[in-house]
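K.L.:
Sharing a model prediction with you, sequence too.
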Amino acid sequence: MSEAAGSRVLLMHPVLDPAPALLEEAACEAVPFPDGAPLTEAAIREAVEVGGCQGILSQVMDPIGDSVLSVPGLAIVANVAVGFDNIDIPAATRHGVMATHTPGVLTDTTADFAFALMMAAARRVAEGDRFLRAGRFGGWAIDMLLGQDVWGATLGLVGVGRIGGAVARRARAFEMRILYTDAVALPPDVERELGATRVDLDTLLREADFVSLHVPLSPDTRHLISGPQLARMKPTAVLVNTSRGPVVDEAALAAALRDGQLFAAGLDVFEREPDVHPDLLALDNVVLAPHIASGSVRTRSEMSVLAVRNLLAGLRGERPPNLLNPDVLPR
Ligand code: DGY
């Protein structure tokens, strides 16, 4: 039995096979978050206290703030996601709680989906489906549901970390010109490999036919794309967001799409999930997906396993492979 044996872990939501078996093998006790309890900090804190938990296996919709992280005995929060804006990392560090995430395993699956949204929005796939099902397809017509070409167009990547880079690799096969903006420039050999040129955000917005967002949510990126930024984009451009909803001002986006300031958008994430701005729901030129960019059978299973491996390492007192706040460890 490992030193994690006997630890109690708050399982906020079920995870996918084979992750539950790993917890069992390590003789950890999974304490399910009470059925029907609200996903609030107060309810999560209570579940950690009542369950006597040393670990939490959390997901993107679980708010893990100071009041949760200050529960005595809590050692680690392992998020089943690459994003971690649901966890107050400075508070975790203050309270000596490790926080981890699941980078890498979802990169290509998420990049595939960003590309799918780009193509669906540009070529009006979802709109065409609705059109046909409504019985409006009366036969081929030269001017029916015309879209924008992806092939040969200019792609602007806002953020070019793992996922942005994977989108760029796909874009190369479509012979796209690639612009990117990021706080840190890519090494010259990677820029060459991706065929990507670093520009400022205004240039990217003015020149790109497709703008794809790949930045984490932070105070600096909240509403990074709002009215003034949308106004800089081409009327033929498409905006894709697979990062975090609040990076885009949804009301401003809906107005831009409605007024023809922008051709279309593809969104996987929303400002107040699971709610979607009603003005977006009323528009035909936006493809809406329910936060499923990493949602392939294999990837969600790999995310579950990686999160449990991080959790078990932390419970054993080892450094988890994907630790977000190394300052918690003794130096
Ligand atoms: C993440 O991993 O951050 C996604 O939003 C869910 O896969």
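P.N.:
Everything's here; your move.
K.L.:
element containing Ala99, please.
P.N.:
Per DSSP states H and E, Ala99 falls inside strand 98-100.
K.L.:
scratch that, Pro228 is what I was asking about
P.N.:
Per DSSP H and E: helix 227-232 holds Pro228.
K.L.:
Hmm, Leu186 is touching Tyr180, no?
P.N.:
Yes. Look at Leu186 against Tyr180 with Cβ atoms under 8 Å: they come within range, at 7.5 Å. From N, CA and C alone the C-beta is placed, and that goes for glycine too.
K.L.:
Find residues that contact each of the two.
P.N.:
Val160, Ala196, Arg198 (Cβ atoms under 8 Å, 6 or more residues apart in numbering).
K.L.:
Let me see the contact set for the residue of the stretch 101-250 of the chain found nearest the ligand.
P.N.:
Closest contact between the stretch 101-250 of the chain and the ligand, by Cβ to the nearest ligand atom, is at Leu106 (5.5 Å). Residues in contact with Leu106 (Cβ under 8 Å, 6+ apart) are Val82, Ile163, Ser294, Thr299, Glu302, Met303.
K.L.:
Could you check how far the fifth one is from Met118?
P.N.:
In this case it means Glu302. Counting by Cβ to Cβ, to the nearest Å, the gap from Glu302 to Met118 is 24 Å.
K.L.:
Ok, the third one next?
P.N.:
When Cβ to Cβ is the yardstick, Ser294 and Met118 sit 17 Å from each other.
K.L.:
what about these two, which has more around it?
P.N.:
Neighbour count, other Cβ atoms under 10 Å: between Ser294 and Met118, Met118 has more, with 30 against 26.
K.L.:
The more buried one falls within a strand, correct?
P.N.:
No. According to DSSP: H, G, I helix; E, B strand; the rest coil, the state of Met118 is helix, so it is not within a strand.
K.L.:
Contacts only, for it.
P.N.:
Contact partners of Met118, counting by Cβ under 8 Å, 6+ apart, are Val150, Phe210, Ser212, Val238, Val240, Gly266.
K.L.:
mind checking pLDDT for it?
P.N.:
Per-residue pLDDT puts Met118 at 98.
K.L.:
Please state the backbone phi and psi of the closest residue in space to Arg272 that isn't next to it in sequence?
P.N.:
Sequence neighbours aside, Gly245 is the residue nearest to Arg272 in space, at 7.3 Å (criterion: Cβ to Cβ, 6 or more residues apart in numbering). Gly245 adopts backbone torsions of phi -50, psi -50, taken as degrees, to the nearest 10.
K.L.:
okay, which residue is most central for this structure?
P.N.:
Geometric centre of the chain, nearest residue: Ser243, 4.1 Å, by Cα atoms, centre = their mean.
K.L.:
Ramachandran coordinates for that residue?
P.N.:
Torsion angles, degrees, to the nearest 10, at Ser243: phi -90, psi -90.
K.L.:
Quick one: the helices in the stretch 1-150 of the chain, in order.
P.N.:
19-25, 41-51, 66-69, 89-94, 107-122, 125-133 (DSSP state H, counting those that start in this stretch).
K.L.:
Just the C-alphas of the fourth one, formatted as CSV.
P.N.:
Once non-C-alpha atoms are left out, helix 89-94 reads as follows in CSV (Å, rounded to 0.1, in the frame of the first residue of the first chain):
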residue,chain,number,x,y,z
ILE,A,89,-3.7,29.7,-6.9
PRO,A,90,-2.3,32.4,-4.6
ALA,A,91,-4.7,31.3,-1.9
ALA,A,92,-3.6,27.7,-2.5
THR,A,93,0.0,28.7,-2.1
ARG,A,94,-0.8,30.7,1.1
